[in-house]
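coords below, sequence missing:
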């Protein structure tokens, strides 16, 4: 196999003498096959962008799911608060002369 040309040096890759030449163990996002090789990190940039986009989509759906659950629970809480307000209004409208009902039990 022909040695690749380094985009910085404009000559053959110097492999292990280069700081960008690294050992990679990953799953190729395009093929799903395991990779275990030494390669230039510059050649991995497209694969990493694909993998990053895939994981970002997963995070986005998790955040959306959590948002929907928070909205449901907030609606329940808002309904409970509104129901409690209506109870207090009905007690107040009943004309009770007992101030403990309105002041939390204090006279």
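Received it, and whenever you're ready, just let me know what you need. None of the values given here were measured: they were computed from a predicted structure.

helices along the chain, start to end?
41-93 (DSSP state H).

what residue is smack in the middle of it?
With distances taken as Cα atoms, centre = their mean, the residue of the chain nearest its centroid is residue 59 (3.8 Å).

so what's it up against?
Not one residue lies near residue 59 by Cβ atoms under 8 Å, 6 or more residues apart in numbering. C-betas here are computed from N, CA, C, even on glycine.

so where's the chain shaky on pLDDT?
1, 93-107 (pLDDT under 70).

and for residue 13, the neighbour number?
19 (other Cβ atoms under 10 Å).

so it makes contact with residue 38?
No. With contacts counted by Cβ atoms under 8 Å, residue 13 stays clear of residue 38, the gap being 10.4 Å.

find residues that contact each of these two.
By Cβ under 8 Å, 6+ apart, the residues touching both residue 13 and residue 38 are residue 21.

and the residue nearest to the centre of the chain, how far is that from residue 51?
Computed as Cβ to Cβ, to the nearest Å, the residue 59 to residue 51 distance reads 13 Å.

next one: residue 45
11 Å.

so between the two, which is more surrounded?
Ranked by neighbour count (other Cβ under 10 Å), residue 45 and residue 51 place residue 51 first, with 16 against 10.

what residues are up against that one?
residue 29.

let's number from 681 now, not from 1
Got it, the first residue is 681 from now on, which makes the last one we talked about residue 731.

quick one: it from residue 757, how far?
In terms of Cβ to Cβ, residue 731 sits 39 Å off from residue 757.

do the same with residue 743
Counting by Cβ to Cβ - residue 743 and residue 757 are separated by 21 Å.

and if you look at residue 708?
47 Å.

which residues do residue 725 and residue 731 both contact?
Going by Cβ under 8 Å, 6+ apart, no residue sits against residue 725 while also sitting against residue 731.
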